[in-house]
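**Student:** Show me the folded form of this:
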Amino acid sequence: MSWSQDAKLDKVVMVNGEVKIGHVTGVRDTEIQFVHDKETISYTFQKAKISKIEFGSSGRIEVYNDVAPTTSASPNLADHHNKIAILPFAYVRDGRQLKNDISETKVQKEFFSLMNGHVGKLKVQDPQTTNALLHKNGVTDETFDNFMMPEIANMLGVEYVVRGILTINEQGSTSYSSNYSSYTAKKNKPGTNKWSVGSTSSSLQFNSIIDLTLYNDTGDAVYAHTKESFWPTDDAYPMTLKYLLKRMPIYTK
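**Tutor:** This next block holds a predicted model:
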C-alpha cells in the first residue's frame, strides 16, 4: 500500500494520551484499521482505547472516549481534551468594529445554544465561564491581538476555540407602493362614485456576513468558513450560524 506525498495524515489520539499519525484505512463497529506514516503494515486499534480521530483529508473530528487523566499531572492543570470554548464574537457595523458592544456576547450565547448538544462527546464551556477567564487574564477587544491562540486555549482550559466575526452593513432602503381603486356602478350610470386609495412603505436593507474559525490548542485552524446571510435584514445571522455549525468537523446530529 502506498500513499501520495500530498495525502493528508490522520491523527489518532488514544485514551492514554498517545498520539498516532498516519492513515485510517477502515472503520468498523468496535475497531479501526490504521497504517502509520511512512509504513505499510496495517494495525487494528479498538475504539474503546481511542479518544478521537482527526481526519486529515476532510478535517472531520470523530470523538469516542475521554482521555484518561495522568497521575503525574498537576491537580491545578486543567484537562484540555474534548473541551471547546466560544469566544465573544467580534462585531463590525458599517465598516467599524464596535468594541465591547453587547452584541459580542449576545451572538456568543446564541451560538452556544445552537452548538451545545450537537458536538458529540465534546463539552462546550459556558460563555459566562469563558468570559470570566478572559477578563481575569486581561483579554479584551483592545488586547486580543497580543495573545496567540494556544495561549487563549490554555487559559480557558480547552482543546478547541471558536472565533467568530459578525459583519453587518446597511445597504439602503427599499420602498413599496400599492394602489387600490373602486367604483360603485349604478344602473345606466357606469363609473359613478369612483374612489381610490394608495400606500407607500419602506424597509432598510442589510448585508450580514459571518466569519467562523475553529482552532485547536496548538493554534491550527481546523475549520474556517465565511458565509453571507440570505435574508436582507439585520437579524438574519442566526440562520447563518446554524448553517456554519452543521458544516463544522465537530458537528453531530
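**Student:** what sits against the closest residue to residue 116 other than its chain neighbours?
**Tutor:** With Cβ to Cβ, 6 or more residues apart in numbering as the measure, residue 124 is the residue that lies nearest to residue 116, at 4.9 Å, once sequence neighbours are left out. (C-beta placed from N, C-alpha, C; glycine too.) Taking Cβ atoms under 8 Å, 6 or more residues apart in numbering as the definition of contact, the neighbours of residue 124 are 83-86, 112, 115-116.
**Student:** does residue 124 have beta-bridge partners, and which?
**Tutor:** Under the criterion DSSP bridges, residue 124 forms beta bridges with residue 84.
**Student:** and what of residue 22?
**Tutor:** With beta bridges defined as DSSP bridges, residue 22 has these partners: residue 10, residue 36.
**Student:** quick one: pLDDT of residue 58?
**Tutor:** Per-residue confidence for residue 58 comes out at a pLDDT of 84.
**Student:** Now the residue nearest to residue 93 when sequence neighbours are not counted: which helix or strand?
**Tutor:** The shortest distance from residue 93 to any residue that is not its chain neighbour, by Cβ to Cβ, 6+ apart, is 5.5 Å, and that residue is residue 168. Here residue 168, judged by DSSP states H and E, is contained in strand 160-182.
**Student:** Any quick ChimeraX command for the buried ones out of the contacts of residue 124?
**Tutor:** To isolate in ChimeraX the members of the contacts of residue 124 that are buried, counting by 16 or more other Cβ atoms under 10 Å, one can use:
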select :83,84,85,86,112,115
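**Student:** quick one: residue 104 is in a helix?
**Tutor:** Yes. When classified by DSSP: H, G, I helix; E, B strand; the rest coil, residue 104 is found to be part of a helix.
**Student:** count of residues packed around it?
**Tutor:** One way to gauge burial is a neighbour count; for residue 104, by other Cβ atoms under 10 Å, it gives 21.
**Student:** on that earlier part again, how close does the residue nearest to residue 116 sit to residue 239?
**Tutor:** Residue 124 sits 20 Å away from residue 239, taking Cβ to Cβ, to the nearest Å as the criterion.
**Student:** Over to residue 66?
**Tutor:** 33 Å.
**Student:** cool, residue 221 as well?
**Tutor:** Plainly put, residue 221 is 24 Å away from residue 239 if you go by Cβ to Cβ.
**Student:** Model confidence for residue 31, exactly?
**Tutor:** On pLDDT, residue 31 comes in at 93.
**Student:** was I right about it contacting residue 44?
**Tutor:** Yes. Judged on Cβ atoms under 8 Å, residue 31 makes contact with residue 44 at a distance of 5.3 Å.
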